[in-house]
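*Asks:* Next input, structure requested:
(one chain, ligands or ions: 2)
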Amino acid sequence: MRVLGIESTAHTFGASVIDLAKEREGEKAILSDEKSAFSTEEGGMVPGEVADHHVEAFDRVIRDALAKAGVRLRDVDLVAYSKSPGLGHTLRVGAMAARSIALLANRPLVGVNHCIAHLEIARLVTDAKDPVLLYASGANTQIIAYEAGRYRIFGETLDMGAGNFLDQFARALGLGFPGGPRIDALAKEGDEKGFIELPYTVKGMDVSFGGLLTRLKHLIREGKRRREDLCYSVQETVFAMLLEVSERAMAHCDKDELVLGGGVACNGRLQEMAKAMCAERGARIFIPARPLLADNAAMIAYLGGVMHRAGISDSVRTAGIAPYERTDDVAVTWR
Ligand code: ATP
Ligand code: FE2
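*Replies:* Numbers count the residues shown, from 1 in each chain. Ligands and ions are numbered 1, 2, ... in the order given. Coordinates of the predicted model:
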């Protein structure tokens, strides 16, 4: 079964073709994975502007995905699209594209949850069987694992996503957008000697970044600290928070696999700390390749294919979007 997947939850518009028949070959099942990301110098995201970008980019990205995969539209058996969670404006563009294609090609379609797709793609491209997912992206930060018929959220951010926090901190430092990679680079020039004690906010199984951001803005205004030391200390503090909650979720669910997902998981120091935590507990860690960590359509195509194989289908008429759907709202009937 060949699946065309479409991703449009936030600033990335993506299209991918996967061949479910090659599932056993892991990454080779991904025949193409194309994307175009909206960007601005200032870093703000106005939903309408991002949607305009997607409207402008969608035909080219989808054409490229089909061409790279070497398939024509009529070779596609199923259309999958991200229906949740995300920005209503941008989700609508992806859903419209998916519905139009399904209508024209007379193919079934299925809408999928973006957060769950981040976990499922790891089951395609790594040896992970039943992992806990630390999903840290711009808008989302959740610790997710499968239990009793649902993907449950064991911990999450109470305010902003880890990536948005890093981006706001970077903006306050004058580093530009996206902030994560620039903080990552500066942090390498800092070290323990310059470590600054910062608010460490873990409440039960949840994390929050608001207080930390306020403290950082204050420190930046004071101007007494080196940027390298601030970046180093921020990374050590925030990643320790994320991994403390991940580790507790692994212990609670009695799972011995950890998967990373989301753009923040591209961070080398986070990966290093996650590997150390897993080694200490005798657990295995799986980190998909960079393009699959960030927002991508391959994970949407794959999850759509797996869901459809289990009998799930939407009709062109009813296929909609659900910007606020939560990970644990979805009944998982495909596992
Ligand atoms: P979502 O998936 O929540 O809709 P998104 O579109 O922002 O959000 P991603 O592309 O997964 O998702 O992630 C982008 C975020 O990842 C940005 O906030 C960026 O700063 C952060 N990021 C990217 N690279 C790194 C890095 N090396 N270190 C830390 N953060 C990073
Ligand atoms: Fe994402």
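*Asks:* The stretch 151-300 of the chain against ligand 1: which residues are in contact?
*Replies:* Residues of the stretch 151-300 of the chain found near ligand 1 (Cβ under 6 Å from any ligand atom) are 161, 163-164, 166-167, 178-181, 184, 262-264, 266-267, 294-295. The C-beta positions use only the backbone N, C-alpha and C, and glycine is treated the same way.
*Asks:* Now do the strands in the stretch 51-200 of the chain.
*Replies:* 78-84, 109-113, 132-136, 141-147, 150-156 (DSSP state E, counting those that start in this stretch).
*Asks:* What distance do you get for residue 218 to ligand 2?
*Replies:* 31 Å (Cβ to the ion, to the nearest Å).
*Asks:* That residue - how many residues pack around it?
*Replies:* Other residues near residue 218 number 9, with proximity taken as other Cβ atoms under 10 Å.
*Asks:* and if you look at residue 133?
*Replies:* 30.
*Asks:* How confident was the prediction at it?
*Replies:* Here, the pLDDT recorded for residue 133 equals 98.
*Asks:* Touching, it and residue 143? I think so.
*Replies:* Yes: contact criterion Cβ atoms under 8 Å: residue 133 and residue 143 qualify, at 7.1 Å.
*Asks:* residues in contact with the residue nearest the centre of the chain?
*Replies:* Central residue check for the chain by Cα atoms, centre = their mean: the C-alpha nearest the mean position is that of residue 262, 3.4 Å away. Neighbouring residues of residue 262 by Cβ atoms under 8 Å, 6 or more residues apart in numbering: 118, 134, 135, 136, 137, 138, 140, 141, 162, 163, 293, 294.
*Asks:* With residue 122 instead?
*Replies:* Residue 122 touches 128, 131, 133, 259, 261, 286, 288, counting by Cβ under 8 Å, 6+ apart.
*Asks:* Tell me the buried residues in the strand or helix carrying residue 50?
*Replies:* Using DSSP states H and E, residue 50 maps to helix 47-69. Neighbour-count burial for helix 47-69, counted by 16 or more other Cβ atoms under 10 Å, picks out 50-51, 53-55, 57-58, 61-62, 64-66, 69.
*Asks:* One more: stretch 250-261?
*Replies:* 250, 253, 255, 256, 257, 258, 259, 260, 261.
*Asks:* Could you verify that the third one is part of a helix?
*Replies:* Put plainly, it is residue 255. No: counting by DSSP: H, G, I helix; E, B strand; the rest coil, residue 255 is not found in a helix; it is coil.
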